[in-house]
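*Asks:* Sequence first, predicted coordinates after that:
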Amino acid sequence: MAKRSDLEDRIRELTESVQARDAFIATIGHELRNPMTPIAGQVSLLLHLVRKGKPTQERLVAGLERLEWLIELYMKRATTLLDVSRITTGKLTLELTPVDVSEVLLEVAAALKPLADHARSPVNVVAPEGLVGNYDRLAVEQIVENLFSNAIKYGAGKPIEATAENAGDAVILRVLDRGIGISEADQARIFDRFERAVGRDERAGGFGVGLWIVCQLAEALGGKVTVESTVGKGSIFTVILPKAPRDGT
Ligand SMILES: Nc1ncnc2c1ncn2[C@@H]1O[C@H](COP(=O)(O)OP(=O)(O)OP(=O)(O)O)[C@@H](O)[C@H]1O
Ligand SMILES: [Mg+2]
């Protein structure tokens, strides 16, 4: 009898995981097609302006900036999908080299500036120069990028602070926002795959995989991620990364 119930549990688990995958594939189609509509629209608009005559320099720059922002959003979505498949198919390999964490924070903040400007949430980075650990650079970039983009997305248009500090044999990264916050019940599930605390259509969409990716990468580097948050006040995500991870590959 015990065996039968084991089998039933396993079938239930597999059914759930197939359903989650089907839902994910449906989401992919939706999420990759929809954002193309405003991109195509913006290109037509710019073409029309240029064909019609002499658009002012200002108008052209503003139009191209909007296009840049839309494309950046699109690429972020596509990258997220690639990350999920890299992790789930076990193709995540880490290449450990000396990585300057402060430099990564500044670079990612600069890359996400169009998103931050659009949301009116400036990202302020405070980190000592030359804070180096033995990491996979891409993994650190993805951790930071996911935490920044969440802070921007859920930050209610308020300033965001990012810090990195030297804790002896580890680096501690913190990303603080003053946005919508996360209830205690939701804090327990947001690190799982496909889990979102906000409704499906709320806040610029999303797959509910960003924090799962952050966790997987931090753990692969021998580190961990925690959250402290108060609804309506904001959230602080903390990532501890040992400077010389055991070979996590
Ligand atoms: N800084 C934050 N403030 C408030 N809620 C947050 C914050 N970061 C994450 N959340 C909540 O946790 C959920 C999971 O976050 P996660 O990054 O995994 O997914 P997502 O942002 O919804 O989608 P994506 O896959 O595009 O990242 C979010 O849907 C949101 O409800
Ligand atoms: Mg996210």
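*Replies:* Here it is on my side, so go on. Ligands and ions are numbered 1, 2, ... in the order given.

*Asks:* what's the neighbour count on the residue of the chain found nearest ligand 2?
*Replies:* Taking CB to the ion, ligand 2 has its nearest neighbour within the chain at residue 210, 2.8 Å off. Quick note: C-beta positions are derived from backbone N, CA and C, even for glycine. As a burial measure, residue 210 scores 24 neighbours (other CB atoms under 10 Å).

*Asks:* That one and residue 193, how far apart?
*Replies:* Per CB to CB, to the nearest Å, residue 210 is found 10 Å from residue 193.

*Asks:* Give me the three-state assignment for residue 241.
*Replies:* strand (DSSP: H, G, I helix; E, B strand; the rest coil).

*Asks:* my read: it touches residue 221, true?
*Replies:* Yes - the criterion here is CB atoms under 8 Å, and residue 241 meets it with residue 221 at 5.6 Å.

*Asks:* contacting residues for the nearest residue to residue 221 once chain neighbours are set aside?
*Replies:* Excluding the flanking residues, the one nearest residue 221 by CB to CB, 6 or more residues apart in numbering is residue 245, at 4.8 Å. By CB atoms under 8 Å, 6 or more residues apart in numbering, the contact list for residue 245 reads 96, 134, 135, 221, 222, 223.

*Asks:* Those residues, buried ones only, as a PyMOL selection?
*Replies:* Here is the PyMOL selection string for the buried members of the contacts of residue 245, based on 16 or more other CB atoms under 10 Å:
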select buried, resi 96+135+221+222+223
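
*Asks:* closest to residue 4 among the contacts of residue 245?
*Replies:* residue 222 (40.1 Å; CB to CB).

*Asks:* Report the secondary structure state of that closest one.
*Replies:* Assignment for residue 222 (three-state DSSP): coil.

*Asks:* from what I can see it touches residue 242, true?
*Replies:* Yes - Residue 222 is in contact with residue 242 according to CB under 8 Å; the separation is 4.8 Å.

*Asks:* that older thread, how near is the residue of the chain closest to ligand 2 to residue 93?
*Replies:* Distance of residue 210 to residue 93, computed by CB to CB: 21 Å.

*Asks:* Could you list the contact residues of this structure toward ligand 1?
*Replies:* Those residues of the chain that sit near ligand 1, judged by CB under 6 Å from any ligand atom, are 80, 146, 150-151, 153-154, 177, 179-182, 190, 195-198, 206-212, 235.
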